[in-house]
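Asks: Fold the following for me, if possible:
(chains A and B)
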There are 2 protein chains.
Amino acid sequence: MIEEIGRRAREASYVLRQSTGSMRAAALNRMAEGLEFAVPDLLDANEADMGQAAGEGITGALIDRLRLDEKRVAAMANGLRNVAALPDPVGRETGGWSLYNGVRLHRVRVPLGVVAVIYEARPNVTADAAGLCIRSGNAVILRGSSYALRSNTEISAALRRGLVEAGLPADGVQLLEDTSRDGAKALMQATEWIDLLVPRGGPGLIAAIQADATVPTVIDGAGNCHVYVDRAADLHKALDIVINAKVQRPGVCNSAETLLVHQDVAGEFLMSAATALREEGVELRGDEASRVIVPDIGEAGEEDWSTEYLDLIMAVRVVPDLETAIDHVRAYGTGHTEAIVTDDRVAADRFVSGIDTAVVAVNASTRFTDGEEFGFGAEIGNSTQKLHVRGPMGLESLTSERYVLYGDGQVR
Amino acid sequence: MIEEIGRRAREASYVLRQSTGSMRAAALNRMAEGLEFAVPDLLDANEADMGQAAGEGITGALIDRLRLDEKRVAAMANGLRNVAALPDPVGRETGGWSLYNGVRLHRVRVPLGVVAVIYEARPNVTADAAGLCIRSGNAVILRGSSYALRSNTEISAALRRGLVEAGLPADGVQLLEDTSRDGAKALMQATEWIDLLVPRGGPGLIAAIQADATVPTVIDGAGNCHVYVDRAADLHKALDIVINAKVQRPGVCNSAETLLVHQDVAGEFLMSAATALREEGVELRGDEASRVIVPDIGEAGEEDWSTEYLDLIMAVRVVPDLETAIDHVRAYGTGHTEAIVTDDRVAADRFVSGIDTAVVAVNASTRFTDGEEFGFGAEIGNSTQKLHVRGPMGLESLTSERYVLYGDGQVR
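Replies: Okay, the predicted model is just below:
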């Protein structure tokens, strides 16, 4: 089955890679109209999904993510229109020169080919991921959650109609109906058909990818992000940044999990930070030095330094110097986002060059690591690996650079 | 053991990533001097390696690759000096803009960290790979062949002395003394320590990588390259290109394996091409249509279309049109290099956009796919995968782009 789907995706990718950017942009606009036209069917299908999920005891945030209403469908459609309006990454020349013998060399962005996305019970991802892949000239194979199968099937059908109306092959977007683990594993190993697999999910999915995937992947991994308040920090800004990084949206990967404070400012800063954070409902867990300053907080152990809480909990450590802060981040960071608050340019430079992470923020919140914030218009994920792409993945990350040589009969 | 080596490499990588480009360039010059100073020891060690290899029955091209002499050591040293003189890829800004809130974003090239290279019994690769990795701010772990262990040990020691003389850590270059398969496998799975593994070897190594590697890799795969002679080809140029692509160095991956000829010019072209190729000692294997034109050549079967001969053999097929040529390349090409000979701009464009390969050459030999030819100064391999880098891998391919944000207290 994956063979059949893969073959169709490959065929569609040949047409898409030769289509013009304006054709693909038009397709996204048709796909948006397709969604709007299908609202009644979408909401019916979603109601059935919601009913089944509720029957299986799914509640809270999960069921909220699964839910569709007219406003959310409109948001999906507008998302497609926004991506349609983004500059075309395909065909962009990223370098060009002449060889010694007159051969002209062009380095040009081309689509990857076939992109697969595995994701959780969020129907909007179906439209978002499809839009980004089609805009960048790729065919996409979508593998959503069983909880959202009916919703995804309707969304996918609407998107496929949009493609056809724009003169592009319907198989540019395919939804995998097999939502079993075996189905996911088959996808992870379809090396002949898949050029990139983007897993969007929790630690369980990432572990499965690392164990089973043989296709190329970009890992959207954990974010154990730190904020380091240097001795030369503006403590008012530091407080704003720490609070924002921790509490504005604690459940996402770019929120901060550990606060590191230079000992020279720890006495002054930690008291006010602890008060402000606790007012926001944050539970603090500190090392010995921080618990001398703020005695009534919990104790942080080794486990805390390596935990991505994704919750209103924050670990705190007082460090004797910048180098210790860097060593701590090197030991426990996950390569996502790290922040330093300092007015000392030399300290900032040391932190920036000393820490190997996709994004490093100087005097700004960790929460800016995001495709929309970066101005990419949309993102298909956030890479915590080093190869191919780091940080927010926009349209460009769905392309690669290849070389075209133009000669006049040159030989070696 | 890989743990200890990995930890040392990681520590060295922290120093290297914070070193200046001129320091790293100076280190390569010291490494070159180190090699020149060590010539007597190098040649002694190499003689012992050669003796052992000869005793084990190794002959021909293999033993020639293993051999070192003063000229070859000088070439290694000069290679290092050339790489020292290349522009520093580290710290290069590849993009920069301001976010809506005034946060300045910089996209900057940084070293990958720790690069591992697995290679065959060619001692020069020890110096070449180390030079490229150090120049680009990475620590390197080298795993050569058991046949070259004594030579590699001396080369590695000389390179390490050069690093230390330049004030950089010796562990920037480490040689794995364990040349067993288990040792290679341990390296392929050292995900904590290795940021990129570059395998340089034959199909056996590539298969082992695909089966066992869990670290990020860039595959330097097979080159089943085609030359397509279009009906609008200048047949004199076509002949030059076909002969060059096939015979100039048949044992390398960018040589051509299959000749595709448009039926409108097949009658005229194939007769002269067959004569010229056979004068060069090339055995031809043709499809039915080509054997009507040149009756006395062998028969090409399905297997021939997918074989990388790496030898003076060439498969020949007459195609009815450009689309059939494109379909053939899509079915049998390995994403390395494909060439079209044509004076028809539209045909060239269709071929270029229709074929998904790292390098596509219009009116030029496939043999130009090479780091030196492209002007990269040197290459650590040639990527046939799509993620991260395609085609010749220069210094830039040993870096990745990350983001640095400079704010003034901005929060979301």
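
Asks: for the closest residue to residue A:125 other than its chain neighbours, phi and psi?
Replies: Among residues not flanking residue A:125 along the chain, residue A:119 sits closest, at 4.6 Å (Cβ to Cβ, 6 or more residues apart in numbering or on different chains). To be clear about C-beta, it is placed using only N, CA and C from the backbone, and glycine gets the same treatment. Residue A:119 adopts backbone torsions of phi -150, psi 170, taken as degrees, to the nearest 10.

Asks: I'd like to know how far residue A:119 sits from residue A:409.
Replies: Going from residue A:119 to residue A:409 by Cβ to Cβ, to the nearest Å gives 50 Å.

Asks: distance of the residue nearest to residue A:125 from chain B?
Replies: Distance, residue A:119 to chain B, using Cβ to the nearest Cβ, to the nearest Å: 20 Å.

Asks: and that residue, how many neighbours does it have?
Replies: Neighbourhood size, residue A:119 [other Cβ atoms under 10 Å in any protein chain shown]: 24.

Asks: Same question for residue A:205.
Replies: Neighbour tally, residue A:205, other Cβ under 10 Å: 16.

Asks: list the contacts for it?
Replies: A:118, A:199 (Cβ atoms under 8 Å, 6 or more residues apart in numbering or on different chains).

Asks: Can you report phi and psi for it?
Replies: phi -70, psi -40.

Asks: near chain B, which residues of the stretch 1-150 of chain A?
Replies: Neighbours of chain B within the stretch 1-150 of chain A, by Cβ under 8 Å from any Cβ of the partner chain: A:14, A:17-18, A:97, A:99-100, A:103, A:105, A:110, A:112-113.

Asks: Please identify which residue in the stretch 251-400 of chain A comes closest to chain B.
Replies: residue A:364 (2.9 Å; Cβ to the nearest Cβ).

Asks: measure that residue to residue A:394 for me?
Replies: Here the criterion is Cβ to Cβ. By it, residue A:364 lies 19 Å from residue A:394.

Asks: Who has more neighbours out of the two?
Replies: Using other Cβ under 10 Å, the more surrounded residue of residue A:364 and residue A:394 is residue A:364, with 30 against 22.

Asks: does residue A:290 count as helix, strand or coil?
Replies: Secondary structure for residue A:290, judged by DSSP: H, G, I helix; E, B strand; the rest coil, is helix.

Asks: quick one: contacts for the most centrally placed residue in chain A?
Replies: Among the residues of chain A, residue A:381 comes closest to the average C-alpha position under Cα atoms, centre = their mean, at 2.2 Å. Contacts of residue A:381 were listed using Cβ under 8 Å, 6+ apart, and they are A:198, A:200, A:218, A:220, A:393.

Asks: Also near chain B: which of the residues you listed, exactly?
Replies: Near chain B, taking Cβ under 8 Å from any Cβ as the test, the members of these found are residue A:218.

Asks: of the contacts of residue A:381, closest to residue B:165?
Replies: Nearest to residue B:165 among the contacts of residue A:381, counting by Cβ to Cβ, is residue A:218 at 39.9 Å.

Asks: Spatially nearest residue to the closest one (excluding sequence neighbours)?
Replies: That would be residue A:383: by Cβ to Cβ, 6+ apart, it lies 4.9 Å from residue A:218.

Asks: Would you confirm that that neighbour contacts residue A:223?
Replies: No: the criterion here is Cβ atoms under 8 Å, and residue A:383 misses it with residue A:223 at 11.4 Å.

Asks: Show me what the residue nearest to residue A:218 bridges to in the sheet.
Replies: With DSSP bridges as the criterion, residue A:383 is bridged to residue A:391.

Asks: Any idea how many residues pack against it?
Replies: Neighbour tally, residue A:383, other Cβ under 10 Å: 25.

Asks: quick revisit: can you put the contacts of residue A:381 in JSON lines and add pLDDT, secondary structure and neighbour count?
Replies: Converted to JSON lines, the contacts of residue A:381 look like this (pLDDT from 0 to 100; DSSP: H, G, I helix; E, B strand; the rest coil; neighbours: other Cβ atoms under 10 Å in any protein chain shown):
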{"residue": "A:198", "pLDDT": "95", "secondary structure": "strand", "neighbour count": "24"}
{"residue": "A:200", "pLDDT": "89", "secondary structure": "coil", "neighbour count": "19"}
{"residue": "A:218", "pLDDT": "94", "secondary structure": "coil", "neighbour count": "26"}
{"residue": "A:220", "pLDDT": "87", "secondary structure": "coil", "neighbour count": "24"}
{"residue": "A:393", "pLDDT": "96", "secondary structure": "strand", "neighbour count": "22"}
